[in-house]
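> Fold the following, please.
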Amino acid sequence: MNLESFPLLSSIVLLPLIGALIMPFLSSKEGEDNTLPRNISLSFLFIDFLLIIGVLFQKFDTTNSSLQLVERLTWLPSIGLEWSLGIDGLSAPLVALSGLITFLSAAASWKIKKKSNLYFALLLIQASAQALVFLSQDFLLFFLAWELELVPVYLLIAIWGGKKKLYAATKFILYTALASLLILISGLALALSGDTFTLNLTELTNKNVTGSLALLSYLGFLIGFGVKLPIFPLHTWLPDAHGEANAPVSMLLAGILLKMGGYALLRFNVQILPEVHLQLAPALIILGIINIIYGALNAFAQDNVKRRIACSSVSHMGFVLLGIGAVDALGISGAMLQMISHGLIAAAMFFVTGSFYERTNTLSIPNMGGLAKVLPITFAFFLASSLASLALPGMSGFISEITVFLGITSQEGFSSLFRSITILIAAIGLVLTPIYLLSMCRRVFFGPRIPALATVKEMNGRELTIGFSLLLPTLVIGFWPKIAINLYESSTNALSQQLTLAKLIGFISNISQFNL
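Numbering: from 1, shown residues only. Down below sits the predicted model:
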């Protein structure tokens, strides 16, 4: 096998899984400081991340909007299942984000001793499932990966979570598993439509399904993927999951799992069902506005640091809905950039939160205070990630959110009144964000000093490295957004052109019916 035909994408997916298969054969005495599972998982995840970066820099053509490095192998022909992988601008940056955050979350799990073999095996399985979600080009393979990644997250919360871990894990699995039924039904309905049966995503796009079937499938996908995004009112599992999960798992939840919902909306709702998306785009914008305002207001009511950040995530993912609903190249580009930006920022915030939780053993805002004096570096990292989250100019959050706003204002398909109201209400969310984030910083780091917290230790070198690895990209993207935009720009432009063509075809069809 020569290098050109080497299955690079399959290697990205399967490499962490190979590491997971090694874990059961390692020594696992309870309470023993066994570093071997951690070191093996870090090695496999680091090599996997380097492979992803190598593929993007050496093999991925950013000017090509079509699928690249396609690997297609018949797996179960009796049910039409193929091992079909491919990468394009929609998946490339999210695969890289997934590789980075999963590696850093494993590095953040340095002190895990309870069932460490199982813990790191689940992280490795999660890494494989995440990559498979973003790279799958067969619907059934995508669905299997979508379901597979639920299991590690459930166990990671249920075993290593907080006091209400079983409640949070059960709520997570019930919401996401029930939503998956709608995804499966909608996908199979599209596959069975027309004269031919196919599960290949490119062939499903070429079917050009319309009418009530397309509408019902779109709604099924919207609800199914909307739970993961999450869209109000399907979001209530998220604060509970974040509140009970440990910091590394929260990094995965906020940094990657929420982005799966946004990616799937672009891949299925927009790319496969463009005509229905054009009709329902205003509804997505309205849902996005609700997400932004509701998430921000709900954050004010939280006295738990992680739950406040979780509600902030609900608010910020509303901008992804706005961008997708804008149906133009600029808006979709903003949605992609917001997913990348929020993945980095939210992971940083949850990591730093986990860092000072290890020292204070509390996440209750009223029970913390005066930490800036004893944890000045931790405060600097938390403040920097908060400033990035509130869209401070010079950081990635500002670029992504302003791009979404420009996408809305430049969309002439909406009335001036609709665009004005959308921008006005969304801007209220921008005003609320610094209030609830900076007030949290003030209370935690500058509130009345708690004597019991006067001797806690500062972040160590490992933690500083993880923090820099998350915050540095937000600064680079903030000052040089092209480094991220170049990865997906050709694909988002092609997707926008596809929507324009669908709009033109619909207009011609309406004219023809009128003439008849």
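> And stretch 366-378, end to end?
Start to finish, the residues bounding stretch 366-378 are 18 Å apart (C-alpha to C-alpha, to the nearest Å).
> outside of that stretch, which residues touch it?
Stretch 366-378 is contacted from outside by 303, 352, 355-356, 359-360, 362, 379, 443-450, 453-456, 458-459, 464, using C-beta atoms under 8 Å, 6 or more residues apart in numbering. Quick note: C-beta positions are derived from backbone N, CA and C, even for glycine.
> quick check: mean pLDDT across that stretch?
Average pLDDT, stretch 366-378: 84.
> before we move on, what about stretch 381-392?
92.
> next one: stretch 169-188
The average pLDDT within stretch 169-188 is 94.
> now that stretch, how far from the chain's geometric center?
Relative to the centre of its chain, stretch 169-188 is centred 17 Å away, using C-alpha atoms, centre = their mean, to the nearest Å.
> ok, now stretch 260-269?
Between the centre of stretch 260-269 and the centre of its host chain there is 10 Å, according to C-alpha atoms, centre = their mean.
> With stretch 223-233 instead?
The answer for stretch 223-233 is 12 Å, by C-alpha atoms, centre = their mean.
> Same question for stretch 42-58.
Going by C-alpha atoms, centre = their mean, where stretch 42-58 is centred and where its chain is centred differ by 19 Å.
> Repeat that for stretch 461-477.
Averaging C-alpha positions (C-alpha atoms, centre = their mean) puts stretch 461-477 18 Å from its chain's average.
> Just the mean pLDDT for that stretch, thanks.
94.
> Tell me the buried residues in it?
Residues Glu463, Ile466, Gly467, Ser469, Leu470, Leu471, Pro473, Thr474, Ile477 are the ones in stretch 461-477 that count as buried (16 or more other C-beta atoms under 10 Å).
> Angles on the backbone of the first one, please.
Phi and psi for Glu463, reported as degrees, to the nearest 10, are phi -70, psi -40.
> Quick check: it touching Ser355?
Yes: contact criterion C-beta atoms under 8 Å: Glu463 and Ser355 qualify, at 5.4 Å.
> and of the buried residues of stretch 461-477, the nearest to Ala484?
Among the buried residues of stretch 461-477, Ile477 lies closest to Ala484 (C-beta to C-beta), at 5.1 Å.
> mind listing what the closest one touches?
Residues counted as contacts of Ile477 (C-beta under 8 Å, 6+ apart) are Leu337, Ile340, Ser341, Leu344, Met395, Ser396, Ile399, Ile483, Ala484.
> quick one: contacts for the nearest residue to Leu321 once chain neighbours are set aside?
In space, and not counting its chain neighbours, Leu321 is closest to Gly288: 3.2 Å by C-beta to C-beta, 6 or more residues apart in numbering. Counting by C-beta under 8 Å, 6+ apart, Gly288 touches Gly318, Phe319, Val320, Leu321, Leu322, Gly325, Ala426.
> Need the residues you listed in TSV (columns: neighbour count).
Listed next are the contacts of Gly288 as TSV, based on neighbours: other C-beta atoms under 10 Å:
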residue	neighbour count
Gly318	28
Phe319	30
Val320	30
Leu321	29
Leu322	29
Gly325	29
Ala426	22
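> Find the helix or strand that the residue nearest to Leu321 is a member of.
For Gly288, the host element (DSSP states H and E) is helix 274-300.
> Identify each buried residue in that helix, please.
For helix 274-300, the neighbour count (16+ other C-beta under 10 Å) marks 274-278, 280-282, 284-296, 298-299 as buried.
> and the top strand by length along the chain, how far from the chain's centre?
Assignment by DSSP state E gives strand 68-76 as the longest strand of the chain. From the chain centre to the centre of strand 68-76 is a distance of 25 Å (C-alpha atoms, centre = their mean).
> Adjacent strands (with direction) for that strand?
Next to strand 68-76 in the sheet, as set by DSSP bridges, lie strand 81-87 (antiparallel).
> who's in contact with the partner strand?
9-10, 13, 55, 60, 67-75, 95, 132, 135-138, 140-141, 199-200.
> Quick one: mean pLDDT over that strand.
Strand 81-87 shows a mean pLDDT of 93.
> and after it, which helix or strand comes next?
Taking DSSP H and E, what comes next after strand 81-87 is helix 92-108.
> helices and strands around that next one, which ones?
On a contact count with 3 or more C-beta pairs under 8 Å, 6 or more residues apart in numbering; DSSP states H and E, helix 92-108 meets helix 8-22, helix 36-58, helix 116-135, helix 247-252, helix 258-264, helix 329-360, helix 461-479, helix 482-515.
> As CSV, could you dump the C-alpha coordinates of that helix?
Only the C-alpha atoms of helix 92-108 are listed here, as CSV (Å, rounded to 0.1, in the frame of the first residue of the first chain):
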residue,chain,number,x,y,z
ALA,A,92,-12.2,19.7,8.9
PRO,A,93,-12.1,22.4,11.6
LEU,A,94,-14.4,20.4,13.9
VAL,A,95,-12.3,17.3,13.6
ALA,A,96,-9.2,19.3,14.6
LEU,A,97,-11.1,20.9,17.5
SER,A,98,-12.2,17.5,18.6
GLY,A,99,-8.7,16.1,18.6
LEU,A,100,-7.3,19.0,20.5
ILE,A,101,-9.9,19.2,23.2
THR,A,102,-10.0,15.4,23.8
PHE,A,103,-6.3,15.3,24.2
LEU,A,104,-6.4,18.3,26.7
SER,A,105,-9.3,16.7,28.6
ALA,A,106,-7.2,13.6,29.1
ALA,A,107,-4.3,15.8,30.3
ALA,A,108,-6.7,17.5,32.6
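> Give me the mean pLDDT for that helix.
The average pLDDT for helix 92-108 rounds to 96.
> The chain should start at 182 in everything you say after this.
Fine by me, first position is 182 from now on; the one you just mentioned is helix 273-289.
> and that helix with strand 262-268, angle?
90 degrees (axes from the mean of the first three to the mean of the last three C-alpha atoms, to 10 degrees).
> now the angle from helix 273-289 to helix 189-203?
Between helix 273-289 and helix 189-203, the angle comes out at 20 degrees (the same axes, to 10 degrees).
> could you check the angle helix 642-660 makes with helix 273-289?
Orientation check (the same axes, to 10 degrees): helix 273-289 against helix 642-660 gives 160 degrees.
> relative orientation of helix 273-289 and helix 297-316 in degrees?
Taking the same axes, to 10 degrees, one finds helix 273-289 and helix 297-316 inclined to each other by 170 degrees.
> where's helix 273-289 relative to the chain centroid, distance-wise?
Worked out by C-alpha atoms, centre = their mean, helix 273-289 lies 11 Å from the chain centre.
> Between the contacts of Ile658, which sits nearest Trp341?
When those are ranked by distance to Trp341 (C-beta to C-beta), Leu525 comes first, at 23.6 Å.
> circling back to that earlier point, buried ones from the contacts of Ile658, can you make that a PyMOL selection?
The following PyMOL selection, which keeps only the buried ones among the contacts of Ile658, applies the criterion 16+ other C-beta under 10 Å:
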select buried, resi 518+521+522+525+576+577+580+665
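> Identify the residue nearest the spatially most central residue of the chain in space, chain neighbours excluded?
By C-alpha atoms, centre = their mean, the chain has its centre lying nearest to Lys440, at 1.9 Å. Nearest non-adjacent residue to Lys440, counting by C-beta to C-beta, 6+ apart: Met520, 4.6 Å away.
> Same check on Phe301?
Ser222 (3.9 Å).
> what about the one you found, how many neighbours?
A count of nearby residues for Ser222, using other C-beta atoms under 10 Å, gives 29.
> residue contacts, it?
So, once contact is read as C-beta under 8 Å, 6+ apart, Ser222 ends up touching Gly200, Met204, Ala287, Phe301, Ala302, Leu304, Leu305.
> Run a quick neighbour tally on the residue nearest to Lys440.
By other C-beta under 10 Å, the residues close to Met520 number 29.
> Tell me the spacing between Pro218 and Leu336.
Per C-beta to C-beta, to the nearest Å, Pro218 is found 15 Å from Leu336.
> So these two - more neighbours on which side?
Comparing Pro218 with Leu336 by neighbour count (other C-beta under 10 Å), the higher total belongs to Pro218, at 25 against 21.
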